[in-house]
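*Asks:* no FASTA, just this:
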């Protein structure tokens, strides 16, 4: 393992190996308080409020590689690929990132019991943040400049592979509000109706094409052939950036009940279910199909999702069958933030060169999965079980839905994946 992080080269010097790492340190402080009030008409008001301060420090290193293809004196424009006409050189260098963020996160919770232990209205208001993943922060990738293409195809003469990390990427931030009414007709039954509003402050990380801009994190890199600073050169590449902040509204219906009133073994059965509906109220972007101008829904937003489960539990034998389903959702317009696709210039896409050849919207298709589990508690600390995942042999796929179909009613399928059905048999031991 002597060459994992650094290695002695043939010239006798020690050099760092290509690597990338990131350390994220979070410090938080919070204060909270609870209260309860007795109101007229037998109503009761309970609640709490709190304030959290979070300081997050990030330090990491990515690896940027630059490859330069330069012409030699024997270069022949009529035969650009001829041997000896060009020479290729590469240089790799770690690029460090350091960033610190401060977040102030208040939260308020209220519960108004209109009928004690039966009917309650709840309200929640909070500010929430979601940190970007490590891969979206580190400026790592391979960029290439090919002088042999500069005259014949300048758009392809320079560019970078993959999506380059962005150290300046901000955490996604929302202001969330929830209002629900819950009814407990008896101890084993719940009905609930909830509405919620998620007001976007800072949008999520999305890959976006960046045209004619300096190389991300390349201020310290130089062209290995000319010695020119790469920070002064413009490139086309895909970069992680904060997308549009969207305000979403939703409705959720839920119920849980145990059929304790039924006879025989049926008194040990029950049902849990919920249904959620989403709709975006506002968005800073208006993305449309490039061919027809049809408005497209917000990215990664399903119109609905639902879950339901039927279960049995008598204290020793338990069984459960659960169904989870989610509607299709729009993901991106081909080629999804990557350069080299000649889209029209529009929101969410990047045009790099002529001729235009606009892509079509991509969608993650609707899916539904069925899982089940049966367990038997032989002794208080020994339990046998058999569990099945994806019992319906469901698949996942991406397509272009009703856009650019093969034929009427036949969507253009982009990929089709089947992860298989999984059956697990085992035993759980618990120490008493």
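*Replies:* Looks like it arrived, so ask away. It should be emphasised that the depicted structure is a prediction, and the values quoted were computed from it without experimental measurement.
*Asks:* shaky segments in the chain?
*Replies:* Residue ranges of the chain with pLDDT under 70: 1, 153-156, 212, 214-226, 230-233, 282-285, 337-355, 409.
*Asks:* at which residues are the helices of it located?
*Replies:* Along the chain, the segments classed as helices by DSSP state H run 134-137.
*Asks:* show me what counts as buried in stretch 293-307.
*Replies:* Going by neighbour count (16 or more other CB atoms under 10 Å), the buried part of stretch 293-307 is 296-299, 301-302, 305-306. Every C-beta, even on glycine, is put in place using the N, C-alpha and C of the backbone.
*Asks:* measure that stretch end to end?
*Replies:* By CA to CA, to the nearest Å, the extent of stretch 293-307 from end to end equals 35 Å.
*Asks:* also stretch 374-384?
*Replies:* Start-to-end, stretch 374-384 (CA to CA) is 8 Å.
*Asks:* off-centre distance for that stretch?
*Replies:* 38 Å (CA atoms, centre = their mean, to the nearest Å).
*Asks:* for this structure, which strand is longest?
*Replies:* In the chain, with assignment by DSSP state E, the single longest strand is strand 86-115.
*Asks:* distance from that strand to the middle of the chain?
*Replies:* Its chain's average C-alpha position is 13 Å from that of strand 86-115, according to CA atoms, centre = their mean.
*Asks:* give me the buried positions along it.
*Replies:* Buried residues in strand 86-115, counted by 16+ other CB under 10 Å: 86, 93-95, 97, 103, 105, 107, 109-113.
*Asks:* export the buried residues of stretch 293-307 to TSV and tack on distance to residue 28?
*Replies:* Formatted as TSV, the buried residues of stretch 293-307 follow (distance: CB to CB, whole Å):
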residue	distance to residue 28
296	38
297	36
298	31
299	31
301	30
302	32
305	31
306	35
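*Asks:* inside strands: which ones of those residues?
*Replies:* Under the assignment DSSP E, those contribute 305-306 to strands.
*Asks:* from the buried residues of stretch 293-307, pick the one nearest residue 72.
*Replies:* Comparing the buried residues of stretch 293-307 against residue 72 with CB to CB picks out residue 299 as the nearest, at 46.5 Å.
*Asks:* now the closest one: how far from residue 364?
*Replies:* Going from residue 299 to residue 364 by CB to CB, to the nearest Å gives 10 Å.
*Asks:* one more: residue 391?
*Replies:* 22 Å.
*Asks:* who has more neighbours, the two?
*Replies:* When residue 391 is set against residue 364 and neighbours are counted by other CB atoms under 10 Å, the residue ahead is residue 364, at 19 against 16.
*Asks:* what is residue 362 paired to in the beta sheet?
*Replies:* Taking DSSP bridges, one finds residue 332 as the beta-bridge partners of residue 362.
*Asks:* brain fart, residue 371
*Replies:* Using DSSP bridges, the bridge partners assigned to residue 371 are residue 322.
*Asks:* surely it touches residue 321?
*Replies:* Yes. Contact between residue 371 and residue 321 holds when scored by CB atoms under 8 Å: they sit 7.5 Å apart.
*Asks:* need the buried residues of strand 86-115 in CSV (columns: distance to residue 281).
*Replies:* What follows is the buried residues of strand 86-115, written out as CSV (distance: CB to CB, whole Å):
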residue, distance to residue 281
86, 55
93, 46
94, 44
95, 40
97, 35
103, 24
105, 23
107, 22
109, 24
110, 23
111, 26
112, 26
113, 31
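*Asks:* out of those, which comes closest to residue 420?
*Replies:* Of all the buried residues of strand 86-115, residue 420 sits closest to residue 97, with 39.2 Å by CB to CB.
*Asks:* give the contact list for that closest one.
*Replies:* Contacts for residue 97 were tallied using CB atoms under 8 Å, 6 or more residues apart in numbering; they are 22, 58-62, 137-139, 167, 217.
*Asks:* report the buried members of the residues you listed.
*Replies:* 22, 58, 60-62, 137-139, 167, 217.
*Asks:* what's the closest of the residues you listed to residue 39?
*Replies:* Proximity of the buried ones among the contacts of residue 97 to residue 39 (CB to CB) peaks at residue 58, which lies at 47.2 Å.
*Asks:* residues contacting the closest one?
*Replies:* Counting by CB under 8 Å, 6+ apart, residue 58 touches 22-25, 97-100, 137.
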